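Novice: The amino acid sequence is not available; the structure is as follows:
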């Protein structure tokens, strides 16, 4: 059986990411499949830098590994490229970027350009035979090639909207629900506000079977102090 493991928003929780990788390896029992990470690696939590460095090193040998871009990753890129004392920088800091800068010693100039470039290059979506993986969502009726970055990074669905995108089940994060994940016939929202709750839920999808997750892996850590 070929499986895809999907990890939602981490927001600086390197502890949950490492624990999640261990749980994935144990679940796979020596096998290898795909790991898709849905973006928002930075902001709010304590260890954004370590997550970036770990992801840049492609941490899963023999696995197909896909890291998507989230809206907070895009905010960080924009802020650091526009510089201090800009609206982009202020917006980023107010949305959790202050925690990222703390990882780099408090100085925006200390963030390695390679980290910013890596975040900027991340893809916005990933498709396989049965599913569409994206940080936030897609608009119905618009071809994927014409979807806007704003939509892919920021869309929020009505809670009861369980429609797929054509024949594809949509797998996303972004719209956090501490009591989640939200599993609907055509859509799975895996974001459980892990950075704050300490509860990360990883979706396990059977590559040969359409629809939602085959099962869920729940990773527990300490709740955030902030």
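Specialist: Thanks, I have the structure now. On a predicted model such as this, the values are computed, not experimentally measured, just so you know.
Novice: just checking, residue 174 touches residue 157?
Specialist: No: here residue 174 lies out of contact with residue 157, judged by CB atoms under 8 Å, at a distance of 9.6 Å. In this view, the C-beta of every residue, glycine as well, is placed from N, C-alpha and C.
Novice: Report the set of residues contacting both of these two.
Specialist: 137, 189 (CB atoms under 8 Å, 6 or more residues apart in numbering).
Novice: More neighbours: those two, which one.
Specialist: Set residue 174 next to residue 157 and count neighbours by other CB atoms under 10 Å: residue 174 wins out with 25 against 19.
Novice: any idea how far that one is from residue 6?
Specialist: Between residue 174 and residue 6 the computed distance is 13 Å (CB to CB, to the nearest Å).
Novice: Contacts for stretch 26-33, please.
Specialist: The contact list for stretch 26-33 (CB under 8 Å, 6+ apart) reads 2, 3, 4, 5, 60, 62, 63, 64, 204, 207, 217.
Novice: How is the third one assigned, secondary-structure-wise?
Specialist: Residue 4 carries the three-state label strand when classified by DSSP: H, G, I helix; E, B strand; the rest coil.
Novice: Only the buried residues of the longest helix along the chain, if you could.
Specialist: Longest helix of the chain, by residue count under DSSP state H: helix 14-28. For helix 14-28, the neighbour count (16 or more other CB atoms under 10 Å) marks 14, 15, 16, 17, 18, 19, 20, 21, 23, 24, 28 as buried.
Novice: Also stretch 209-226?
Specialist: Those would be 212, 213, 217, 219, 221, 224, for stretch 209-226 by 16+ other CB under 10 Å.
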